[in-house]
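Asker: Below is the sequence, then the predicted model.
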Amino acid sequence: MFVSTDVDVIVIGGGPVGTTALALLGRAGHTAIGLEKDREMWPTARAVHFDGETMRTLQGLAVADRFIGVTIPMKHVDIVNEADEVLVHAPTDRLGDQAWNDHISFHQPDIEGLVREIVETSPGVELRCGVTATRVESTDTGVEVTTLDEDGTERTLRARWAIAADGARSEVRRALGIETDKYGEDAQWLVVDGQLVDAPGYETDMIQFARYSRPALWLRLPGSRVRMEFMLVPGDDPDEIVTPAAVERISRGILPADKFTPDRQAMYTFRGRIARQWRKGNVFLAGDAAHQAPPLFGQGLCAGIRDVENLAWKMDLVARGIADDSLLDTYESERKPHATFWVETAANQAVGIQTLDPRVAEGRDAFMRAHPEASAVPTSPPLGPGFHEGDERAGRLSIQPILADGTRLDDMVGHHFLVVADRSIYSELPAGIKAALVEDGDTVTLLDPLKIDQILDATKAKAVVVRPDHYILGAGDTAADLERLVRQIPSIAHAATLTVDTH
Ligand SMILES: Cc1cc2nc3c(=O)[nH]c(=O)nc-3n(C[C@H](O)[C@H](O)[C@H](O)COP(=O)(O)OP(=O)(O)OC[C@H]3O[C@@H](n4cnc5c(N)ncnc54)[C@H](O)[C@@H]3O)c2cc1C
């Protein structure tokens with residue numbers, strides 16, 4: 001056991017983002033306490049989809065098979081109009097460049113339950129449920145967090161940093177005086193989850209219904225579970241719209257009252273928001289506390305997982321004295337533009353999908369027919385400025401090759417910096433740099449073409465350095481490029497070997 005008032009990180013909020021932060025910090029050997037005000041995990045879902053990048057992060061928690069066991073790949077995504085004409089049809093059933101399916105469906109409690117299990121078995125980290133954070137203060141040396149247990153006991157916990165993953169209504173964000181910027185228009189939606197038995201539903205896994213009479217969404221989830229979402233329109237009676245008869249009506253008969261058993265029906269305001277500041281002193285906002293996207297591309301949770309994946313390895317290096325605290329400033333500079341891209345893109349898509357005006361819908365339909373690719377799921381952007389350098393190859397998510405024996409490369413590399421290089425380039429490196437690469441416990445160097453050619457080809461480079469979060473630190477074409485990049489790996493820059501003799 002560790003002393004509870006002296007941990008590296010306090011994580012406020014035990015939702016999917018907070019618990020993933022705990023799991024990542026535990027894997028890196030750090031101590032952390034998570035605070036969750038609710039005693040029990042939410043038994044119902046909000047997120048139902050994640051992408052291959054998120055699955056890659058979960059893979060890194062070492063129980064990929066268990067995560068995959070509770071998910072299904074999403075085979076097709078369609079956008080359909082009022083007249084049920086398919087405007088966009090995107091087949092999505094393929095392994096993407098992250099070595100997992102690009103689109104994966106799941107029941108959120110299954111995934112959250114697995115992450116909690118990992119936290120429970122990780123030494124050094126714990127999630128305290130039924131404990132509310134009531135005050136967070138950033139001090140010169142760290143943070144102080146006051147907590148309130150269910151029995152009324154108050155405590156003060158101290159840590160080096162706090163991650164506020166306390167959701168869209170984040171009290172921590174409010175208390176720190178951080179405002180949010182609004183993207184797009186807010187809209188009220190009814191979300192219905194449940195089991196559909198002895199009824200066909202739709203064959204397509206995900207359909208966005210761009211119906212001007214009532215925009216809607218259909219999703220097939222593992223087992224007999226399905227999700228439908230319906231935008232509320234003028235004239236809806238909030239009490240009537242949730243009745244089984246109303247759900248049957250607004251689903252156009254797809255969820256018959258006698259075949260569909262809902263396990264919850266909830267109204268949500270779909271909104272786009274970005275917090276203006278993501279770091280204040282030693283407190284970092286993450287997940288919905290930092291950004292909220294209308295869930296059209298199913299990216300809200302994915303963005304939150306990217307946040308903590310970005311933060312965890314940086315906190316690890318700073319905590320070990322290998323990197324300066326300023327590395328943590330790159331969290332906001334890298335992640336905020338990336339998350340903003342997704343919030344803005346989803347908010348723009350929502351304008352088109354959510355119109356209730358038949359004439360506007362007609363123009364939108366014509367555009368989608370002519371440019372289906374422009375309405376499909378966009379490609380994820382590079383990070384904003386931060387800890388990566390060079391041309392446009394840097395700051396992008398690296399691919400994950402699957403080796404001839406079926407091994408996914410991350411399972412071989414672990415959570416380290418990865419240096420991949422053409423042998424001819426590597427052989428020209430100064431002896432001291434090669435020695436540093438061999439000795440450095442934070443870096444894995446791979447030269448075998450069978451393992452690395454896909455990365456070099458995809459990056460169009462002869463040498464690539466990849467960060468522990470799988471984003472590219474930099475790419476180059478010469479030994480000088482590679483040497484420059486290797487010198488930036490914090491553990492190597494920090495090591496005494498480089499200061500003695502690099503030639
Ligand atoms: C209808 C809907 C569908 C969605 N679909 C998708 C999707 O398909 N894919 C996707 O990627 N995203 C989706 N999203 C978004 C996704 O659900 C969220 O981005 C994600 O759940 C945010 O997780 P979080 O951990 O940041 O916040 P939350 O899940 O809100 O967790 C915050 C936690 O903090 C706790 N807390 C709050 N204050 C305190 C305090 N003071 N002390 C202690 N604990 C506290 C809360 O109890 C809560 O458990 C969807 C959202 C909605 C509404």
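Answerer: Cool, the structure landed.
Asker: Relative to the ligand, which residue of the stretch 351-500 of the chain is the closest?
Answerer: Val377 (11.9 Å; Cβ to the nearest ligand atom). Backbone N, C-alpha and C define where each C-beta goes, glycine included.
Asker: and the gap between that residue and Arg220?
Answerer: 17 Å (Cβ to Cβ, to the nearest Å).
Asker: Next: Ser427.
Answerer: 52 Å.
Asker: and what of Asp181?
Answerer: Distance from Asp181 to Arg220, by Cβ to Cβ: 35 Å.
Asker: Give me the phi and psi for Thr146.
Answerer: Reported as degrees, to the nearest 10, the phi and psi values for Thr146 are phi -90, psi 140.
Asker: quick revisit: what sits against the residue of the stretch 351-500 of the chain closest to the ligand?
Answerer: Neighbour list for Val377: 77, 90, 92, 102-103, 297 [criterion: Cβ atoms under 8 Å, 6 or more residues apart in numbering].
Asker: Pretty sure Thr355 sits against Gly363.
Answerer: No - applying Cβ atoms under 8 Å as the test, Thr355 and Gly363 come out as separate, 9.2 Å apart.
Asker: sorry, back to before: ok, so of the contacts of Val377, who is nearest His470?
Answerer: Closest approach to His470 among these (Cβ to Cβ): Asp102, at 15.1 Å.
Asker: okay, that closest one: pLDDT?
Answerer: Listed pLDDT for Asp102 reads 93.
Asker: can you check Ser4 too?
Answerer: Ser4 is given a pLDDT of 43.
Asker: which residues of the stretch 201-350 of the chain fall in helices?
Answerer: For the stretch 201-350 of the chain, helices defined by DSSP state H, counting those that start in this stretch occupy the ranges 244-250, 300-319, 329-353.
Asker: Measure how the second one sits relative to helix 329-353, angle-wise.
Answerer: Taking axes from the mean of the first three to the mean of the last three Cα atoms, to 10 degrees, one finds that helix 300-319 is oriented at 170 degrees with respect to helix 329-353.
Asker: Compare Ser427 and Arg220 and say which is more crowded by neighbours.
Answerer: Between Ser427 and Arg220, counting by other Cβ atoms under 10 Å, Arg220 is the more crowded of the two (23 against 11).
Asker: and the more buried one, bridged to which residues?
Answerer: As for beta bridges, Arg220 partners with Val226 under DSSP bridges.
Asker: In this structure it contacts Ile207, no?
Answerer: No - contact status for Arg220 versus Ile207: not in contact, 9.5 Å apart, counting by Cβ under 8 Å.
Asker: who's in contact with whatever residue of the stretch 201-350 of the chain ends up closest to the ligand?
Answerer: Closest contact between the stretch 201-350 of the chain and the ligand, by Cβ to the nearest ligand atom, is at Gly287 (2.3 Å). Residues near Gly287 by Cβ under 8 Å, 6+ apart: 13, 15-18, 165, 167, 301, 303-304, 307-308.
Asker: separation between Gln292 and Gly300?
Answerer: 6 Å.
Asker: Quick check: the residue of the stretch 201-350 of the chain closest to the ligand vs Pro378, distance?
Answerer: 21 Å.
Asker: Name the surrounding residues that touch stretch 446-459.
Answerer: 97, 393, 398-399, 401, 403-404, 409, 412-413, 418-423, 426, 462-464, 466, 472, 475.
Asker: Could you pick out the buried ones from these?
Answerer: 393, 398-399, 401, 409, 413, 418-422, 426, 462-464, 466, 472, 475 (16 or more other Cβ atoms under 10 Å).
Asker: of those, list those near the ligand.
Answerer: Subset of the buried ones among the contacts of stretch 446-459 in contact with the ligand: empty, counting by Cβ under 6 Å from any ligand atom.
Asker: Inside strands: which ones of these?
Answerer: Counting by DSSP state E, the buried ones among the contacts of stretch 446-459 place 418-421, 463-464, 466, 472, 475 in strands.
Asker: Could you identify the most distant pair in the residues you listed?
Answerer: Ala421 and Ile472 (13.4 Å).
Asker: Pull up the overlap in contacts between those two.
Answerer: Joint contacts of Ala421 and Ile472 (Cβ under 8 Å, 6+ apart) are Val464.
Asker: from the helices of the stretch 201-350 of the chain, which stretch is densest packed?
Answerer: helix 300-319 (a mean of 25; mean count of other Cβ atoms under 10 Å).
Asker: For the closest residue to Leu301 other than its chain neighbours, identify the helix or strand it belongs to.
Answerer: Spatial nearest neighbour of Leu301, chain neighbours left out: Ala47 (4.1 Å); criterion: Cβ to Cβ, 6 or more residues apart in numbering. Using DSSP states H and E, Ala47 sits in no helix or strand.
Asker: just checking, Ala47 touches Gln108?
Answerer: Yes - counting by Cβ under 8 Å, Ala47 does reach Gln108; the two are 5.2 Å apart.
Asker: joint contacts of these two?
Answerer: Common neighbours of Ala47 and Gln108 (Cβ under 8 Å, 6+ apart) are Pro16.
Asker: The residue in the stretch 101-250 of the chain positioned nearest to the ligand - how many residues pack around it?
Answerer: Per Cβ to the nearest ligand atom, Gly167 is where the stretch 101-250 of the chain lies closest to the ligand, at 2.8 Å. Residues within reach of Gly167, counting by other Cβ under 10 Å, total 19.
Asker: and what of Asp65?
Answerer: When neighbours are counted by other Cβ under 10 Å, Asp65 comes out with 8.
Asker: Now render the contacts of Val377 as TSV, adding neighbour count and distance to the ligand.
Answerer: Shown next, in TSV, are these (neighbours: other Cβ atoms under 10 Å; distance: Cβ to the nearest ligand atom, whole Å):
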residue	neighbour count	distance to the ligand
Val77	23	12
Ala90	17	16
Thr92	18	14
Asp102	20	13
His103	24	10
Phe297	20	8
